[in-house]
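Engineer: Task: produce atomic coordinates for the following.
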Amino acid sequence: MNKRWYIIQLIAGYEEKVRDEIYRRIKENGLEDQFGDILIPEVKTVKNYSNVIDNDSIEQLFPGYMVISLMPTNENFRLVTTIARVIRFLGGTNPGELSQAEVDRILSQVSGKIAIAAAEEELYHIGEPVEIIEGPFSGFSGTINFIDDQKKKLVVMISIFNRLTPIEISFNQAKK
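Structural biologist: As a prediction, this is how the structure comes out:
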């Protein structure tokens, strides 16, 4: 049986603690051969506003989600889902494995830097469709759910793993 890639949904902000706990339990139970990598998809960003470059920062691609490679057995699924702050595998009782194309897309987004540059201000409206042109979600399309004019941010609903997910982006990361 080969290892396959799955998505775990967990409480956002606890990705590193959950990953560390999974590794601890794998070692404790001698299951190193049953599990592969555990990824918290992140990307290094360079922010450039008014030609002043901020320090590089790390941005999560999918807050509240992790990607894990494992052999699909009930025992392995149970080991992961019994960890505190893990909500479930996507797919519920029959976790859906990721295709190689989905895994490759995530790995390619993680491998490079994404520059975030200032752009001209546009007027946006709730319910309006937009395309994300910069940042970790570049290439995704979604609908504006919330607008924060003071911070110049949008909350856009996009489909990630066939599930609507809100993401916050800057005005300059979206195009009508």
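Engineer: This protein: helices as residue ranges?
Structural biologist: For the chain, helices defined by DSSP state H occupy the ranges 15-28, 74-81, 100-111.
Engineer: export those to a markdown table and tack on distance to residue 147, mean pLDDT and mean neighbour count?
Structural biologist: Just so you know, the C-beta spots here come from the backbone N, C-alpha and C atoms, and that holds for glycine as well. Formatted as a markdown table, these follow (distance: least, Cβ to Cβ, whole Å; pLDDT from 0 to 100; neighbours: other Cβ atoms under 10 Å):
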| stretch | distance to residue 147 | mean pLDDT | mean neighbour count |
| --- | --- | --- | --- |
| helix 15-28 | 28 | 94 | 15 |
| helix 74-81 | 37 | 94 | 15 |
| helix 100-111 | 26 | 74 | 13 |
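Engineer: now those helices as TSV including distance to residue 92?
Structural biologist: As requested, the helices of the chain are exported to TSV (distance: least, Cβ to Cβ, whole Å):
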stretch	distance to residue 92
helix 15-28	18
helix 74-81	10
helix 100-111	18
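Engineer: Residue 163 is nearest to which of these?
Structural biologist: Nearest to residue 163 among those is helix 100-111; the distance by Cβ to Cβ comes to 13.5 Å.
Engineer: separation between residue 83 and residue 126?
Structural biologist: According to Cβ to Cβ, to the nearest Å, residue 83 and residue 126 sit 37 Å apart.
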